[in-house]
Every structure is written in C-alpha cells, then in structure tokens.
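Peer 1: What would the 3D arrangement of this be:
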Amino acid sequence: MDVRRVKQVLKYGWQHAGRIMFEEKKGSLFKILIFFDIIYCYNAYRMWSNQYLKEHFWSMNKLEREKLGTEYKKQGRFRDEWQKDFQKNLKFLYKYTSRKYDLPHLRVRRTKAYAKQYNMGKGCLIEHNVELSRQHYLNGSITIGDHVLLAKNVFVDYSGFVTIESNVKIAAGVSIESHHRDLIAKEKGLDINIPTSLIIKEGAYIGVRAIILDSCNYIGKNARIGAGAVVTKDVPDYATVVGVPAKVVKINEPAV
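Peer 2: Prediction:
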C-alpha cells in the first residue's frame, strides 16, 4: 500500500466512522471501534470506507460480511491491476509521445515501443503526441494491423474494444471514442460508463481533426472520412463521408 492510499484510508475512514457513530447514536468509543473495523475491512477485502458505509457493513453478521467482502476483494484486485496498467501506460506516453522521437534515428525505437505496448503489426508509423488510453476502470482492448499511420496528436480511447486493420491512415488530430456515460444512471447519482466497440476496416482513411464518436461501430473498407467530420454512425465500405454530423456523399468504386 503506498503512502497516498494509506492517507486516504485513514482520512476517509475516520470521517465515515464519525457518520456511522451519529447514525447509530453511539459514543466516541464506538467510533474508534468502527474506524479500526474499516481499516481491517480494507486490508481484508479491499473495501473502501464509503463502500463500508453504503453497505452498512458494521451491522452484518459474520457470514454476510464474508460473502459480500469476497466480492469486494475481487473488485479490489481488478481495480489494483487496472491502476497498475494505467500508471504504466502514463509513463509510456510521457516518454514516447515526445517530439524528439520524430528524429530519424529514434523513430524506429518509438514504433517498436508502440508495437509492443499496443499489439501493433509491422511497418507502422507513429508520430508525436499519439495517445492511446482507457478510462473509468473499463477493461477494453486495442488491436492494430500492419502499415498503419497514426499521425501527430491522434487520440484513441480504447476503454471499449477497438480494432484498426492493416493499411489504415489516421491523420493529425483525429479523436476516437469507444465509451459513453449512462446519462439516465447519472440522474440517479450513479457513475456508470458503458464500453462500445469499433472496427476500422483495411485501407480506411480518417481526415485531419475528424471525431469518431462511440455510436459509430464500423468504418468500412477503403472508406474516406473528411477533415473535421463528426462521425456518429457506421460508415459503409468504400463510402466517403463529410460534415457535422458526417453524411455519405459518395460510394467509391472498389479497385478491380
């Protein structure tokens, strides 16, 4: 447990122990006992004090505590592993998004690093400030084929499930999203984020500063996305789409 987390557990554990004391109309000794139980439950079950409070964990019998605590322990292990991966990715991006890796003798090193980090194929080109990341403890993934271009300032959210096939070109400043917040749940005070999926088929081109929203799940083979377009729905094979929101303006004939 790192120092920052220890401070959080102690600070909020003491605050929530006080709330429980007032709720139960007990004295300060009860608060101290609850505080130590909160610390125990964090160590045993990875349960945060707000979760302890929400579940009325102090009022449960031994069997109930063990059953619910085991579920929280599973969630805690997942959360810890996710955070470890998240921090590792931040360190990676801090290093390799630097402009210095645009220099010819360092560009290959950057490409190899991205290929290892993000399951990329051969012959790709990665320019500076390309950020691939996931958020909100969502367990998404990204797969990238051969000879893909990710130009400068590209952002790809893979909180959901993103597949970029071979020979795809993604121009500067493109933003791709693969999750959204549940607004109905938000009105009820819940923070629920929903992952989506996106496949970008072979040979597609996405123009400068285009935005691909999570409601788009398919960008077709050899499709063309115009510069500045906001794509809100699926794009057919060989289609050209432009505008806000993006609309199909042409279906290109496939090469014979």
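
Peer 1: Contacts only, for D37.
Peer 2: By Cβ atoms under 8 Å, 6 or more residues apart in numbering, the contact set of D37 is Y52, F57, W58. C-beta here means a position set from N, CA and C on the backbone, and glycine is covered the same way.

Peer 1: Please apply the same query to Q15.
Peer 2: S49.

Peer 1: Phi, psi for the residue lying closest to L68 once chain neighbours are set aside please.
Peer 2: Among residues not flanking L68 along the chain, E55 sits closest, at 6.3 Å (Cβ to Cβ, 6 or more residues apart in numbering). Dihedral pair for E55: phi -80, psi 0, per degrees, to the nearest 10.

Peer 1: Distance of E55 relative to Y158?
Peer 2: Distance from E55 to Y158, counting by Cβ to Cβ, to the nearest Å: 32 Å.

Peer 1: higher neighbour count, the two?
Peer 2: Y158 (24 against 17; other Cβ atoms under 10 Å).

Peer 1: measure the more buried one to E177 for me?
Peer 2: Counting by Cβ to Cβ - Y158 and E177 are separated by 10 Å.

Peer 1: Mutual contacts of these two, please.
Peer 2: Joint contacts of Y158 and E177 (Cβ under 8 Å, 6+ apart) do not exist.

Peer 1: contacting residues for K233?
Peer 2: S215, C216, P245.

Peer 1: now I211, which residues is it bridged with?
Peer 2: Per DSSP bridges, the residues bridged to I211 are S175, V230.

Peer 1: Let me see the ranges of the helices in the stretch 151-256 of the chain.
Peer 2: 183-187 (DSSP state H, counting those that start in this stretch).

Peer 1: shaky segments in it?
Peer 2: 186-188, 190, 255-256 (pLDDT under 70).

Peer 1: Now do the helices in the stretch 1-150 of the chain.
Peer 2: 3-24, 28-45, 49-54, 62-96, 104-118.

Peer 1: Pull out the buried residues from the third one.
Peer 2: To tie it back to what came earlier, the one meant is helix 49-54. Neighbour-count burial for helix 49-54, counted by 16 or more other Cβ atoms under 10 Å, picks out S49, Q51, Y52, L53.

Peer 1: Now do the contacts for the residue nearest to P195 when sequence neighbours are not counted.
Peer 2: Leaving out its chain neighbours, the residue that sits closest to P195 by Cβ to Cβ, 6+ apart is G160, at 3.7 Å. Contact analysis of G160 by Cβ under 8 Å, 6+ apart lists L138, G140, S178, H179, P195, T196, S197, L198, D214.

Peer 1: Now do the same contact list for the last one.
Peer 2: By Cβ under 8 Å, 6+ apart, D214 lies in contact with G160, E177, S178, H179, H180, T196, L198.

Peer 1: Which one of the residues you listed is nearest to Y45?
Peer 2: Nearest to Y45 among the contacts of D214: H179, at 27.7 Å, using Cβ to Cβ.

Peer 1: and that closest one, what are its bridge partners?
Peer 2: P195.

Peer 1: so it touches T196, yeah?
Peer 2: Yes. Assessed by Cβ atoms under 8 Å, H179 is found in contact with T196 at 6.2 Å.

Peer 1: quick revisit: most neighbours among the contacts of K233, which one is it?
Peer 2: C216 (23 neighbours).

Peer 1: quick one: that one from V249, how far?
Peer 2: 17 Å.

Peer 1: one step back: dump the contacts of D37 into CSV; add distance to A223 as well.
Peer 2: Below are these laid out as CSV (distance: Cβ to Cβ, whole Å):
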residue, distance to A223
Y52, 51
F57, 52
W58, 57
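
Peer 1: can you redo the residues you listed as TSV with pLDDT and distance to Q15?
Peer 2: Listed next are those as TSV, based on pLDDT from 0 to 100; distance: Cβ to Cβ, whole Å:
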residue	pLDDT	distance to Q15
Y52	95	12
F57	96	16
W58	95	15
